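In: Just a sequence and a predicted model for now, questions to come.
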Amino acid sequence: MNYMRRRFWTLISLVTISGFSQGMLLPLLAIILEQNGISSSVNGLHATGLYIGILLASPFMEKPLRRIGFKPMIMIGGALVVVSLALFPLWQALWFWFILRVAIGIGDQILHFGTQTWITATADKKSLGKSIAYYGLFFSAGFTIGPLMTNLLTFGTYAPFLLSSLLSLSVWLLMLRIRNEMPEAHTATARETSSLQRFRRALQLGWVAFLPPLAYGFLEGTLHGIFPIYGLRIGHDVHTLSFIIPSFAAASLLSQIPLGTMSDKYGRRNVLLTVVTLGIFAFLGAAVWEESVLGLFTTFAMAGLCVGSLFSLGISYMTDLLPRDLLPAGNILCGMAFSIGSILGPFLSGSFLDLLPGMSFFYVIVALLLIVLAATFIKKSPQTQERAAE
């Protein structure tokens, strides 16, 4: 029991440091590129590199996981992140940094798939929702601290990258104490069907559950990749932005566990409808009070309380809708939906800033949340699918 707790918290530590590096990387590179005169549309496209890497890695992870087990997969992903972070100060070129972003995206997705599948495959059924909530909670905690590293730019461009790399390495080394395990038969790929058939079946049964991860990816990419540019343009300084941006993720720390518990009691769909509606009002408020530091801080915090848990709620909803043999495919599709949203977010919001500079970019977020709300409402009373017999 002691070992299982140690393994769980080691995996959670890896998720935390992954959130930290992602939370640091998006606003840090956005600010550096903006200060170097790069346009917001190019800046937004550049920010998609992380999520292109996530998307590229997603379809190719099931078979290696079954072949080598959880620990080697996680070690490979973590090593790729550590090395890529350390290489950023080596050469300040757009294309080189884009390649590093893609590499970090691949490493992060391998790491997340390994940790997420290991946790969901070994957690007690009665505490599965709570385990997923902890997963989202500590990722958000890391994501909250990450943007504060932009303040280290005063010590030089290399400082935040090297610190993040060293922190990632220290947590990665903790995995050396963990024994490798192989996926059980019911968490591995079903032999009688192809990957394409499983993905198609998972989409048919649980399409609505993949929208919250997509929306969360959109929010993450937009708020951390493009909002720093928008914030600078409307008169806020880097120091102020470094405290406004983390308020979204910080507030989500307070709601992850309560919302997970409420979704168990009142149903995922009902909770999703409520939090998405409240999130729409929060971002409408941000558009109204965007020139006020206090107004932005408050509305970001309110939005974080409401929609900062969309990813973990989406995963929980997916586990309700899909049979057990489709859960690995469902986990991968959640990651792919997140990466698609994260790619669309910086690109669409960056293009929005260039095409409609007089309008608040928060309206892009409101439009997406309205789509998610409508789709979730249309999917009336989804029936929970029977799990495959153990």
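Out: All right, it came through fine.
In: what about the strands in the stretch 251-390 of the chain?
Out: Applying DSSP state E, counting those that start in this stretch to the stretch 251-390 of the chain gives no strands.
In: Next: the stretch 1-150 of the chain.
Out: Under DSSP E, counting those that start in this stretch, the stretch 1-150 of the chain gives no strands.
In: can you give me the helices in it?
Out: Along the stretch 1-150 of the chain, the segments classed as helices by DSSP state H, counting those that start in this stretch run 2-35, 40-47, 49-57, 62-68, 70-87, 94-122, 128-145.
In: Could you name the helices and strands sitting against the shortest one?
Out: Translated: helix 62-68. helix 94-122 (3 or more C-beta pairs under 8 Å, 6 or more residues apart in numbering; DSSP states H and E). The C-beta positions use only the backbone N, C-alpha and C, and glycine is treated the same way.
In: Check which residues of the helix it packs on are buried.
Out: Buried residues in helix 94-122, counted by 16 or more other C-beta atoms under 10 Å: 97-98, 100-122.
In: Please apply the same query to stretch 353-366.
Out: Quick answer for stretch 353-366 (16+ other C-beta under 10 Å): L353, S360, F361, F362, Y363, V364, I365, V366.
In: How much space separates the fourth one from T144?
Out: Read it as F362. 20 Å (C-beta to C-beta, to the nearest Å).
In: For this protein, give me the ranges with low pLDDT.
Out: Along the chain, the parts satisfying pLDDT under 70 run over 1, 123-129, 184-195, 380-390.
In: check contacts around G114.
Out: With contact set as C-beta atoms under 8 Å, 6 or more residues apart in numbering, G114 has these partners: L65, F70, K71, M73, I74, G77.
In: any chance of the helices of the stretch 1-150 of the chain in JSON lines, with distance to T319 too?
Out: JSON lines is the format used below for the helices of the stretch 1-150 of the chain (distance: least, C-beta to C-beta, whole Å):
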{"stretch": "helix 2-35", "distance to T319": "18"}
{"stretch": "helix 40-47", "distance to T319": "30"}
{"stretch": "helix 49-57", "distance to T319": "21"}
{"stretch": "helix 62-68", "distance to T319": "17"}
{"stretch": "helix 70-87", "distance to T319": "19"}
{"stretch": "helix 94-122", "distance to T319": "8"}
{"stretch": "helix 128-145", "distance to T319": "7"}
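In: between those helices, which gets nearest to S242?
Out: helix 2-35 (7.4 Å; C-beta to C-beta).
In: Just want the angle from that closest one to helix 70-87.
Out: 30 degrees (axes from the mean of the first three to the mean of the last three C-alpha atoms, to 10 degrees).
In: Now do helix 2-35 and helix 40-47, the angle between them.
Out: Using the same axes, to 10 degrees: helix 2-35 against helix 40-47 is 150 degrees.
In: Sort out which residues of helix 2-35 are buried, please.
Out: Applying a neighbour-count criterion of 16+ other C-beta under 10 Å, the buried positions in helix 2-35 are 7-8, 10-34.
In: residues contacting K379?
Out: Counting by C-beta under 8 Å, 6+ apart, K379 has contacts V208, R269.
In: Please repeat the previous calculation with a cut-off of 7 Å.
Out: V208 (C-beta atoms under 7 Å, 6 or more residues apart in numbering).
In: now it: how far from V208?
Out: Using C-beta to C-beta, we find K379 at a distance of 4 Å from V208.
In: need the contact list for L373.
Out: Going by C-beta under 7 Å, 6+ apart, L373 touches L273, V276, T277, I280.
In: which ones are touching V83?
Out: Counting by C-beta under 7 Å, 6+ apart, V83 makes contact with nothing.
In: If we use 10 Å, what do you get?
Out: L100, A103, I104, G107, S165, S168, L169 (C-beta atoms under 10 Å, 6 or more residues apart in numbering).
In: Test my guess that the last one contacts A86.
Out: So the one you mean is L169. Yes - counting by C-beta atoms under 10 Å, L169 touches A86, with 8.5 Å between them.
In: hmm, back to that, which one of the contacts of G114 is nearest to L327?
Out: Closest to L327 out of those is L65 (13.0 Å), distances taken as C-beta to C-beta.
In: Pretty sure G295 sits against G285.
Out: Yes - counting by C-beta under 10 Å, G295 sits close enough to G285 to count as a contact (7.4 Å).
In: Between these two, tell me which one has more neighbours.
Out: Comparing G295 with G285 by neighbour count (other C-beta atoms under 10 Å), the higher total belongs to G285, at 18 against 15.
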